[in-house]
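[1] Structure here, sequence nowhere to be found:
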Ligand SMILES: Cc1cc2nc3c(=O)[nH]c(=O)nc-3n(C[C@H](O)[C@H](O)[C@H](O)COP(=O)(O)OP(=O)(O)OC[C@H]3O[C@@H](n4cnc5c(N)ncnc54)[C@H](O)[C@@H]3O)c2cc1C
């Protein structure tokens, strides 16, 4: 079966597939059952240099683009793993590279490239404001050579497996800015230092084995040097990370989609009921074929989002649309896969139920489908603002 994905970046695909083959589905299943973190897997990816793909060569990385990074993430999901354990470093990286100072780049990037430090976490969402990001209530107030942080975040992922976190906070009160997107700033937070005084983490047990947390800030002091870029411009900078995140997650959903269609196709050829393979019935074939068509189409939009991102062009529309299409396609593939596995789809040893849960997340996070539709309606089609 020819797939659009198989015709691109074969060297990267072969190398990532070889690494993933050392961590078969059974490994990921056991991590999921134990609600653990795939530490060995992430360490192997780091050692092989994949987690430093986006870091320029001058700072010890391989200087690849988001396109290649997306192929790495796609292959992990396609092999039965879940990039959610490590994709944070990929989408955070360009925020630091593009908007950080030279001193910050020199200090952090070589250590991240070598695996000494992990930059896996980004803290945007808050419990009382949700998707209405410009209304966030976490504040950062400059006091001499420090910023003092107060507030609360929710669903902050991988912080327990990260040394650094990018934090979005308000530095100028909403009432004092002309545009609501102004007056927000981003900071690098040294997680271990912060946990000694001023930052408390409370894990949120959730449907997916995804390490995510409530984070509380009470008079947390961080060095003023940890501000990324210019004070007050953080919302613009965080969009670099959010567009990368949406594009990478589109690629992960495409990887999931191929995993589901491969899995269900194999099963439907072998499972014999009423004297013939279930895959001989068009009622079984069509939902699988439909999901496959949609995965292939989503893939084209994912590459367009990557191309624009890597060229430094505005890619908000393409990143959102790629994420929408891919998350929808992977979910349809997941539904077909679980349905045609019958009862066995629910048995953990088939991995279908695990991947089904994992891919479902992407209808809601990192941005819900409704908010993408609203973005397209307002920003592309020019319909009146609804909020
Ligand atoms: C496992 C997990 C990991 C996460 N990791 C991170 C992380 O690392 N960092 C981080 O900052 N955040 C993270 N998030 C948060 C995630 O980005 C948010 O949950 C998501 O953006 C939705 O925000 P919300 O939960 O506040 O939903 P809300 O904003 O409360 O919205 C709830 C629902 O209402 C609907 N809705 C809301 N407003 C509108 C509207 N105007 N029109 C139509 N429909 C609307 C949408 O369908 C939406 O799904 C994570 C979430 C999960 C579940």
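    Looks like it came in fine. Only a predicted model underlies this, so the values are computations on that prediction, with no experimental measurement involved.
[2] would residue 61 count as being in a helix?
    No. Looking at residue 61 with DSSP: H, G, I helix; E, B strand; the rest coil, it is coil, so not inside a helix.
[3] my guess is it contacts residue 51, does it?
    No. In this structure residue 61 lies outside contact range of residue 51 using C-beta atoms under 8 Å: 9.1 Å. Where C-beta positions appear, they are placed from N, C-alpha and C, glycine not excepted.
[4] who has more neighbours, the two?
    Comparing residue 61 with residue 51 by other C-beta atoms under 10 Å, the one with more neighbours is residue 51, at 28 against 21.
[5] mind checking how far the more buried one is from residue 13?
    The gap separating residue 51 from residue 13 is 17 Å, by C-beta to C-beta, to the nearest Å.
[6] ditto for residue 195
    Taking C-beta to C-beta as the measure, residue 195 falls 38 Å from residue 13.
[7] cool, residue 129 as well?
    40 Å.
[8] Neighbours of residue 349, how many?
    Residues near residue 349, counting by other C-beta under 10 Å, number 10.
[9] do the same with residue 22
    10.
[10] If you count neighbours, what's buried in the strand or helix carrying residue 261?
    Residue 261 belongs to helix 234-270 when elements are defined using DSSP states H and E. By neighbour count on 16 or more other C-beta atoms under 10 Å, the buried set for helix 234-270 is 234-235, 237-265, 267-268.
[11] and the very next helix or strand once past that helix, what's its mean pLDDT?
    Per DSSP H and E, the first helix or strand lying C-terminal to helix 234-270 is strand 272-273. For strand 272-273, mean pLDDT is 98.
[12] partners of strand 272-273 in the sheet?
    Using DSSP bridges, the strands paired with strand 272-273 in its sheet are strand 276-277 (antiparallel).
[13] Which stretches in the stretch 101-250 of the chain count as helices?
    102-114, 191-196, 234-270 (DSSP state H, counting those that start in this stretch).
[14] Does the longest one reach the ligand?
    No. Judged by C-beta under 6 Å from any ligand atom, helix 234-270 and the ligand are separated, with a smallest distance of 8.9 Å.
[15] can you pull the contacts of the residue nearest to residue 145 when sequence neighbours are not counted?
    Once flanking residues are discounted, residue 145 sits nearest to residue 224: 5.0 Å by C-beta to C-beta, 6 or more residues apart in numbering. Residues in contact with residue 224 (C-beta atoms under 8 Å, 6 or more residues apart in numbering) are 142, 144-147.
[16] Apply 10 Å and report the result again.
    Listed by C-beta atoms under 10 Å, 6 or more residues apart in numbering, the contact partners of residue 224 are 140, 142-147, 187, 231.
[17] Ok, residue 281 next?
    With contact set as C-beta under 10 Å, 6+ apart, residue 281 has these partners: 268, 273-274, 340.
[18] The residues you listed, buried ones only, as a PyMOL selection?
    In PyMOL syntax, the buried subset of the contacts of residue 281 is picked out as below (16+ other C-beta under 10 Å):
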select buried, resi 268+340
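[19] could the contacts of residue 281 be laid out in a markdown table, adding distance to residue 73?
    Converted to a markdown table, those look like this (distance: C-beta to C-beta, whole Å):
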| residue | distance to residue 73 |
| --- | --- |
| 268 | 27 |
| 273 | 36 |
| 274 | 40 |
| 340 | 27 |
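[20] Pick the one among the contacts of residue 281 closest to the ligand.
    Minimum distance to the ligand across those is 27.3 Å, recorded for residue 340 (C-beta to the nearest ligand atom).
[21] Give me the buried entries from the contacts of residue 224.
    With neighbours counted using 16+ other C-beta under 10 Å, these contain these buried positions: 140, 146-147, 187, 231.
[22] wait, residue 258 sits on residue 330?
    Yes. The pair residue 258 / residue 330 is scored as a contact, 9.0 Å apart, by C-beta atoms under 10 Å.
[23] Give me the common contacts of the two.
    Residues touching both residue 258 and residue 330 (C-beta under 10 Å, 6+ apart): 77, 295.
[24] can you count the residues close to the closest residue to residue 30 other than its chain neighbours?
    Closest residue in space to residue 30, ignoring its immediate chain neighbours: residue 36 at 7.8 Å, by C-beta to C-beta, 6+ apart. Neighbourhood size, residue 36 [other C-beta under 10 Å]: 12.
[25] Distance-wise, check residue 36 relative to the ligand.
    Residue 36 sits 16 Å away from the ligand, going by C-beta to the nearest ligand atom, to the nearest Å.
[26] Look up phi and psi at that residue.
    Note on residue 36: its backbone torsions stand at phi -100, psi -170 [degrees, to the nearest 10].
[27] right, and it touches residue 42 too?
    No. Using C-beta under 10 Å, residue 36 is not in contact with residue 42; the gap is 11.5 Å.
[28] before we move on, back to that, restricted to strands, list the buried ones among the contacts of residue 224.
    140, 146-147, 187 (DSSP state E).
[29] out of those, which touch the ligand?
    Residues of those in contact with the ligand (C-beta under 6 Å from any ligand atom): none.
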